[in-house]
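Visitor: Predicted model follows, preceded by the sequence.
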There are 2 protein chains.
Amino acid sequence: MKVSELGEFGLIDLLDKMIADAQINKASPDLLIGIGDDTAAWKCTEQVQLATVDTMVQDIHFTLETISWEELGWKSLAINISDIAAMGGLPHYALVALALPDNTESEDIAGLYRGMIDIARQYKVAIAGGNISRASRVSVTVTVLGGCPDNKILRRSTAKSGDTIAVTGYAGSAAAGLEMLKKKLAFRSKITGYLKNAFLHPVPRIEEGRLLVKHGITTAIDTSDGLLADLRHICEASGVGAKVITDLIPVNEIVKASFKQKALELALGGGEDYELLFTGNARNIAKIRQVIKCPVTVIGEIVKSTPGKIELFDAGGNPVKTGRTGWTHF
Amino acid sequence: MKVSELGEFGLIDLLDKMIADAQINKASPDLLIGIGDDTAAWKCTEQVQLATVDTMVQDIHFTLETISWEELGWKSLAINISDIAAMGGLPHYALVALALPDNTESEDIAGLYRGMIDIARQYKVAIAGGNISRASRVSVTVTVLGGCPDNKILRRSTAKSGDTIAVTGYAGSAAAGLEMLKKKLAFRSKITGYLKNAFLHPVPRIEEGRLLVKHGITTAIDTSDGLLADLRHICEASGVGAKVITDLIPVNEIVKASFKQKALELALGGGEDYELLFTGNARNIAKIRQVIKCPVTVIGEIVKSTPGKIELFDAGGNPVKTGRTGWTHF
C-alpha cells in the first residue's frame, strides 16, 4: 500500500506498533512518553547530555538502487550513534524525521524501521518520536540523544603536540564499497560482501569510545568525512598540526588487493568509515591496544605547526602527495 | 556567494560566527559544547526532558515566493518550541539540520539564521548544533530539547468525560493567511499584515503552557494539524469523545470579515495556528482566564463516546456538518 493510501496517521500507527512489538523501548525504563504526544519525554539523571543530528538524502547519500530500506534504516541511525561514540558516551533516545514521496510503499518504510529497530536493539536506543513529511525525494533525519555516565567527554579540541595519533579498524573500506557500487565493479562474492557491508552497514564504536575515556583519552572524532579531513578537524580545533606515516594507515587486505594503488587514496580521502580517530599519550594507547577488541593502529603524531596542517610521509621519511582529501557537501 | 562556492565548512563557520556574535548561547550556562564537535553537550539536572523534531520542506510547507528566509528561520524553530509549550515545558536547546540546493545564496542562509536567532533569543534557546546536506529542495529540520522544571507534563491522553475544552488565541487565522497567499487575495494592508503574520510568524505559547501546568491542567496539544484534528488526537489518546459548539470557536474579526462563511471552515480545519487546545475542570479554566495574557475561549466539553468522535452543534443545539477537518501529509 502506498503511504498516500495509508495516510500520515495510519503510517505513524504502523511504525508505533512495530516499535511496540519489537519491545525495544522496554530497555529504557526512564522513557515516559514515546510516539503519540507533542514531544517525547524521559526522566533524566544529573549527567552530561549529548545530542546530534544527521540526514541521509536520496541521490546524495544513497540511491535506492544500491541500498535496501533495511540498510538505510540501520545506517541512518548508525551514523548518529557513531557521533555519540566519538564523544565517549552512550546513546539513549532517537527521534526520526522522515520526508517521503507520496507514492512510497508503506512496506518499504516498514523495512526502513526494521533496520532501525535492529540497531536500536543492539545499542539499547529507544525510538522515542519523530515526524513525517511529504517531499519529492526520500530523506531520513535522525537525532540521537545520549549521555556520558562519568561526565568525561572526548573532544576535538584537546590534542596537543607530542600526542600519538591512532585509529580503530580500517580506513577506506566504506569508500571502496561506494566505488564498487557506483562503478558496478565485479569482485568475488566474499569481497563484494565485505565492501558492501563496510559502506552500507557501519558499526558504531560505542564500546571502544567508552574504553578510550576509561584509559584517559580526551581527544577523538569519528571518521565520517575521511581520515585526513577528520584529522584536520581535530588539528584545527586544537590549534596544532600532524605528521602521518601513510605506510602505517590500516587498509584492509581486501581493499588493497581489489583497488591496488588507489587503496591509499580511498583510505586517506574516503569518508563514512565511522571509525574512531583519536590522539593521546603513547603509553595509554599501548594499553588500549591490549584490551580493545578491534584493531587499533598508530598512524602518526601531533606536532606544533600551522593549525590544521597535515604532512604525509612514507615509511622512509619521504614526503607523500595526495589528491582528494575528504568529503565535503558543496 | 553560493553555498557551493563557500563550501560546507565555510558555511558552518559563517553560521557558527553568527550565533557567537548574537551571544544567544550565553543564556545557557549549562551548554558545554555547541557547534564544532561530533555532538553538542550540556550539563543536565535531574528533571523530565522533552524532545521534538519537525521539518519544513520547500513546496510542501512553504514556497520561497511567499516566505522570507528570516520568516522561514523563525517558523521552523517556532513550531518546535510550540510542541514544548504543549507539554508545559521550557525549551532549552535546538539542533538544525539543513538540506540545501548547491546554488543557494549563503546570504539567504544567513537570513534564515537571523530569523532563528531572533526567536532563540526571545525564548532563551541555545542553537547547539546541526548538520548541512546537499539536496534538490530546501528543507529545515529542527530538533528542540526542553525540560519540565516541576516534572509535571501536559499530555494528550488524560482528558476525561466532563472536562471543559478551551483554546488560547484565535482559530483559523494561519489557514486564512495561507489561503490569502495561495490565492493571491488582495486586502487592505492592515488585514494583509495580520493574516501573513498569523501564517508565517507563529508565536509559541510557552508562558501560557507553564500557566496551565501551574493551574492543575494535565491535558493539552498545540493546534498544528487543525482544531478538530487536534481535538481528535486528544480524544483518541484519552479514549473519549467531544461536543463542540461551533458558535463559540474564537475566530478573529479580521478573518470573519475577510472570509465570511468560509471563516468557520478555516477555524475548524485549518492547521498551523500553534495555539494551545486543552481540557480540564471548568473552575480551573475560569481561574486561568483571569490571569492569562491571551484570550482563552471555552468551546465545548469532553464526553463519554466512541474514542475520537467529535460532534458539532451551533448555539441553538442543532448539529453542524463540516467538510475538511484537518491537515494530513498523505
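Guide: Arrived safely, thanks for sending. Small disclaimer: the values here were computed from a predicted structure and weren't measured.

Visitor: residues near residue A:74, how many?
Guide: Neighbour count for residue A:74, taken as other CB atoms under 10 Å in any protein chain shown: 25. Any C-beta I mention is one placed from the backbone N, CA and C, and that applies to glycine too.

Visitor: repeat for residue A:189
Guide: Using other CB under 10 Å: residue A:189 sits among 7 other residues.

Visitor: Distance of it relative to residue A:255?
Guide: Distance, residue A:189 to residue A:255, using CB to CB, to the nearest Å: 16 Å.

Visitor: ok, residue A:187 touching residue A:195?
Guide: Yes. With contact defined as CB atoms under 8 Å, residue A:187 reaches residue A:195; the gap is 7.2 Å.

Visitor: which residues do the two both contact?
Guide: Taking CB atoms under 8 Å, 6 or more residues apart in numbering or on different chains as the contact rule, residue A:187 and residue A:195 both touch A:180, A:258.

Visitor: out of the two, which sits in the busier spot?
Guide: residue A:195 (26 against 16).

Visitor: show me what contacts the closest residue to the more buried one other than its chain neighbours?
Guide: Nearest residue to residue A:195, sequence neighbours excluded (CB to CB, 6 or more residues apart in numbering or on different chains): residue A:177, at 4.0 Å. The neighbourhood of residue A:177, defined by CB under 8 Å, 6+ apart, consists of A:195, A:196, A:197, A:198, A:199, A:200.

Visitor: can we see that at 7 Å?
Guide: A:195, A:196, A:198, A:199, A:200 (CB atoms under 7 Å, 6 or more residues apart in numbering or on different chains).

Visitor: now do residue A:129
Guide: Counting by CB under 7 Å, 6+ apart, residue A:129 has contacts A:34, A:35, A:39, A:40, A:95, B:51, B:52, B:53.

Visitor: want to throw those residues into JSON lines with secondary structure and neighbour count?
Guide: Output for the contacts of residue A:129, formatted as JSON lines (DSSP: H, G, I helix; E, B strand; the rest coil; neighbours: other CB atoms under 10 Å in any protein chain shown):
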{"residue": "A:34", "secondary structure": "coil", "neighbour count": "20"}
{"residue": "A:35", "secondary structure": "coil", "neighbour count": "19"}
{"residue": "A:39", "secondary structure": "coil", "neighbour count": "26"}
{"residue": "A:40", "secondary structure": "strand", "neighbour count": "28"}
{"residue": "A:95", "secondary structure": "strand", "neighbour count": "27"}
{"residue": "B:51", "secondary structure": "strand", "neighbour count": "26"}
{"residue": "B:52", "secondary structure": "strand", "neighbour count": "30"}
{"residue": "B:53", "secondary structure": "strand", "neighbour count": "25"}
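
Visitor: Closest to residue A:59 out of these?
Guide: Distance to residue A:59 across the contacts of residue A:129 (CB to CB) is lowest for residue B:53, with 22.6 Å.

Visitor: Verify the stated contact: that closest one with residue A:98.
Guide: No. Assessed by CB atoms under 7 Å, residue B:53 is found out of contact with residue A:98, at 10.3 Å.

Visitor: Find residues that contact each of these two.
Guide: Common neighbours of residue B:53 and residue A:98 (CB under 7 Å, 6+ apart) are residue A:130.

Visitor: Using the three-state scheme, assign residue A:87.
Guide: Following DSSP: H, G, I helix; E, B strand; the rest coil, the label given to residue A:87 is coil.

Visitor: Could you tell me how many residues sit around residue A:31?
Guide: Counted with other CB under 10 Å, residue A:31 comes out at 18.

Visitor: correction: residue A:254
Guide: There are 21 residues near residue A:254, going by other CB under 10 Å.

Visitor: Return the residues in contact with it.
Guide: Contacts of residue A:254 (CB under 7 Å, 6+ apart): A:191, A:194, A:195.

Visitor: And for residue A:86?
Guide: Residue A:86 neighbours (CB under 7 Å, 6+ apart): A:154, A:209, A:220, A:221, A:222, A:276, B:38.

Visitor: Just the ones of those in helices?
Guide: residue A:209 (DSSP state H).

Visitor: Using JSON lines, please lay out the contacts of residue A:86 together with pLDDT, neighbour count and distance to residue A:250.
Guide: Formatted as JSON lines, the contacts of residue A:86 follow (pLDDT from 0 to 100; neighbours: other CB atoms under 10 Å in any protein chain shown; distance: CB to CB, whole Å):
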{"residue": "A:154", "pLDDT": "98", "neighbour count": "27", "distance to residue A:250": "20"}
{"residue": "A:209", "pLDDT": "98", "neighbour count": "27", "distance to residue A:250": "18"}
{"residue": "A:220", "pLDDT": "98", "neighbour count": "32", "distance to residue A:250": "16"}
{"residue": "A:221", "pLDDT": "98", "neighbour count": "27", "distance to residue A:250": "16"}
{"residue": "A:222", "pLDDT": "98", "neighbour count": "28", "distance to residue A:250": "16"}
{"residue": "A:276", "pLDDT": "98", "neighbour count": "31", "distance to residue A:250": "12"}
{"residue": "B:38", "pLDDT": "96", "neighbour count": "30", "distance to residue A:250": "21"}
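
Visitor: Between the contacts of residue A:86, which sits nearest residue A:228?
Guide: The nearest one, if we look at the contacts of residue A:86 relative to residue A:228 and count by CB to CB, is residue A:221, at 11.8 Å.
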